[in-house]
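[1] The following comprises the amino acid sequence and a computationally predicted model.
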Amino acid sequence: MPSEKTPVGESAPDLEIVGDQVTIHPSGYTGGLEPQDGGITERNLIHNVARFREKPFDFLREVSLYMTSGTGWRAYDDIVGQPIYYSGFSERIKSHILASPILKNKVQELSEARLAVEEKEGLLQIKTGPFARNRTQRRNELENNLKEVVDKMLDNMICKMESKRFIRAAYYLATQLLTRAYHQGIHVSSEEVLRLRAVAEEAAKKKQSIVFLPCHKSHVDYVSLQVICYRLGIALPVVVAGDNLNFPLVGAFLQHAGAMWIRRSFGNDPLYHTVVQAYIDTILQQGHNFECFIEGGRSRTGKLLSPKFGILSFIVDSLLSGRVEDTVICPVSTQYDKVIETESYISELLGQPKQKENLADFLSSSSVLSLKLGRVDVRFHKPWSLREFISQQLSRLSNQPQLGKGLKLSHADRGRLLRSLGYRVLSDINDVSVMMPTALVGTVLLTLRGRGVGKAELVRRVDWLCDRVRAKGGRVAHFYRYPTQVVVDRALDVLGPKIVGEVAGLAEPTYFAVDRFQLSFYRNMTIHLFITEALVSAAMYTRVKQGGGPSHQRIAFGDLLHYVSFLSQLFRGEFIFPPDGLATNLENTLRVLEKDQVISVTRDSAGAPLYAELSDTERQCGRENYDFYCFLIWPFIEASWLGTVSLLGLTPPLSGPKDAWIDMSRAQSSAQLLGKTLYHQGDLSYFEAVNKEALKNSYDRFAEEGIIIVAKSKEARASTKLRLAPEWTPVRDPETGKLLPQGRLWDFMELISQSRREGKNRRDGATVSSRVLIMSDTVGRTLFENAENHVPESGVDLSTRAPRRKALTTSSKL
């Protein structure tokens, strides 16, 4: 790895943006003026700043420039967007919210509802004459009480962008922290940020907001986007943040830096819901920029999570109601060489309770700031009009409603609109994401057979993967003119010996995965590019694993289509598929694999595929490219298989009630215990299949398909219950009580097993029907000790998980 004095350690070129003047200053190793990846050039927006121990006088001078005079970079006077950071900003926003018609109407509605209850229960003095006066007085009293509640909600919720001196100090502090942790800075595409600035100028003229919708991998996401907007002279967005981060000192700091605090769950609180809607309406009406994370919480697995529709629903409602004319959507991808929180993510995925954020933990984690974690890459998709998107979606509905004032959609149509919006944003994020060196190295290490890999082979496979990424339309992080070996060295250095180890004393440096679970976080950053190839390869594996000559391993196109359809349905909530439909996606994927000489496809005279098999070239190279795609998807197949096996343990015992309800969190914890046991006994190939997120996704799919019935309480703190659907419940031997290897759930599990990776010490069918089946039943029996025979009728909403009653064996879209 080059030393810090080599060009690799120098800072990249920068953009100087002051008012309307934009100047590019080239310098350093990533600089070159030559574009990369289709004309895209790259800039680093922050440089290392002075440190007190190293240069105390320079440090004090910088502090003075940033926080006192505001001349260190900008005084934040001439921004693109609506005015922020002036005295009285918060009170102005608050007054607009309180004047909101929907909030006033809700206060009156709730007051009238309470009055009706009091009248019914005889709490009002019903007398001739003074009754009307008493009722009016009581209504005013109730409204005033509710207004006090609203006032307190807003004080806790709204951001307080008041002081320019504070934001200059915050920017300086954020730059200090980022350059200490991510010593190679924040990198952006020059073209994208210039386009963003132009869009911001146009939006400012129309008094429209830019809604930034980033992916969410780390708490650093908040900081990096705010720093970029500050650095580019764009008005800082109001950032939606969960109130779990609103702990002493840190919470107040973030609120003054732009954080908008909301509860993690609104529960059954219509007033709070309306306050949030009124606040978002106000932000969008006033043209202030806005930011929320499309995935809701941070991704603990490295890949994009399914979209969360809470805040999106508020934004869409602002437009559908006519309270907001239009807003600009800007999907954002943030990628890291190394994510600070990955170790804590692994603990959570393995079942450890998530620790509540507090100042002590925040300060104790500051040691990471002395590390060198590489760089952060932020990419901005081309912004687009939300109004135009909604209008396009409405035109596809059967009744073709027109976007106008007060438009109300049915629950189903609204759901389709939100899903289309959410997945459009996720697709855009994937389109602009860059593959970091750590992701490339991690992917290669986890997709090779054997205990370790030599340096030359590692470099060769990283080169191959870079070519594949670009061929799929993806981007690779820029390291202009430097050989792949330097990039690999840099990635290994950032990952560190706790994740990737090196075997000493060999003829060639040889590396191996020390912590495969943590390394899978980085591998998952690349999987979205190759998901269709991975599903096709897994489907072909149902034949390839049978061995024999090539004629025994080929698969008929009809069988391939059926199994790819099954897998795509199984992973519908796990991955984002191309939007062209099953037939088109499958045909495109076959042609790509055929062009890359991974497979051979035999076609009829009309060009229709008859069957597929591994190509001679692929067989000669030891199936290395085909195996790559299989290794990508196998951990997810294993996790789905584990989820299905755990359902066997939900079969009621012969002596117990047949309609017992099991606590959902207990069932998933039991599944994790089962998975750990099976892994250490050799019946589960991938330990990462035990992770809580994958099991949760599996259970969600089981509920959607009607395999399990879920009862979700309307009360915020009440636990969710589940039980097997009667038609999916396995059969027990009437004499011994043992589970029998038969029935719909058994067949479903066997179907998943067909594409599982072969195990060295097991035979799938016999092992599952004996040892695994018994272990699942043993672990599951403990759940029935605390099971409830009947779910209480009050507060339970079975419709929240209405099963689709559609078997996963039917066709679906890839």
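    Sure, I can see it.

[2] Only C-alpha atoms from now on, for both contacts and neighbour counts.
    OK.

[3] Can you list the residue ranges for helices in the stretch 301-450 of the chain?
    310-320, 342-349, 359-364, 386-394, 411-432, 437-445 (DSSP state H, counting those that start in this stretch).

[4] In this protein, which helix is the longest?
    Among the segments of the chain that qualify as a helix by DSSP state H, the longest is helix 130-157.

[5] what's that one packed up against?
    helix 101-120, strand 259-262, helix 270-285 (3 or more Cα pairs under 8 Å, 6 or more residues apart in numbering; DSSP states H and E).

[6] Point out the most buried one among the ones you listed.
    strand 259-262 (a mean of 24; mean count of other Cα atoms under 10 Å).

[7] Could you please name the strands it pairs with and the direction of each pair?
    Looking at strand 259-262 with DSSP bridges, its partner strands are strand 238-242 (parallel).

[8] What ranges in the chain fall below the confidence cut-off?
    Regions of the chain meeting the criterion pLDDT under 70 cover residues 1-76, 123-133, 353-371, 398, 479-481, 714-717, 759-769, 788-814.

[9] let's see it at 50
    1-36, 50-53, 56-73, 359, 362-368, 792-807, 809-814 (pLDDT under 50).

[10] How is it divided into domains?
    Segmentation of the chain into domains, based on automatic domain parsing, reads 40-82+161-237+289-432, 440-525, 548-814.

[11] Using a markdown table, lay out the ones you listed together with mean neighbour count.
    Putting those into a markdown table (neighbours: other Cα atoms under 10 Å) gives the following:
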| stretch | mean neighbour count |
| --- | --- |
| domain 40-82+161-237+289-432 | 19 |
| domain 440-525 | 18 |
| domain 548-814 | 18 |
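
[12] Compile the ones you listed into CSV and extend it with columns for distance to T532.
    Below are these laid out as CSV (distance: least, Cα to Cα, whole Å):
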stretch, distance to T532
domain 40-82+161-237+289-432, 14
domain 440-525, 11
domain 548-814, 6
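
[13] what packs against the helix or strand that contains S565?
    Secondary structure assigned from DSSP states H and E places S565 in helix 557-570. Secondary-structure packing of helix 557-570 (3+ Cα pairs under 8 Å, 6+ apart): helix 531-544, strand 609-614.

[14] rerun at 10 Å
    Counting by 3 or more Cα pairs under 10 Å, 6 or more residues apart in numbering; DSSP states H and E, the packing neighbours recorded for helix 557-570 are helix 531-544, helix 582-595, strand 599-603, strand 609-614, helix 624-648, helix 692-704, helix 744-753.

[15] That one versus strand 599-603: what angle between them?
    Calculated by axes from the mean of the first three to the mean of the last three Cα atoms, to 10 degrees, helix 557-570 forms an angle of 120 degrees with strand 599-603.

[16] ends of stretch 299-308, how far apart?
    12 Å (Cα to Cα, to the nearest Å).

[17] Also stretch 260-271?
    17 Å.

[18] Can I get the lengthiest strand in the chain in CSV? Just the C-alpha atoms.
    Taking DSSP state E as the criterion, the chain has its longest strand at strand 328-336. Output of strand 328-336 as CSV, limited to C-alpha atoms (Å, rounded to 0.1, in the frame of the first residue of the first chain):
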residue,chain,number,x,y,z
VAL,A,328,-38.5,18.2,-7.0
ILE,A,329,-37.4,14.7,-6.1
CYS,A,330,-33.7,14.0,-6.0
PRO,A,331,-32.6,10.4,-5.2
VAL,A,332,-29.2,10.2,-3.6
SER,A,333,-26.7,7.3,-3.2
THR,A,334,-24.1,7.4,-0.4
GLN,A,335,-21.4,4.7,-0.4
TYR,A,336,-18.5,4.2,2.0
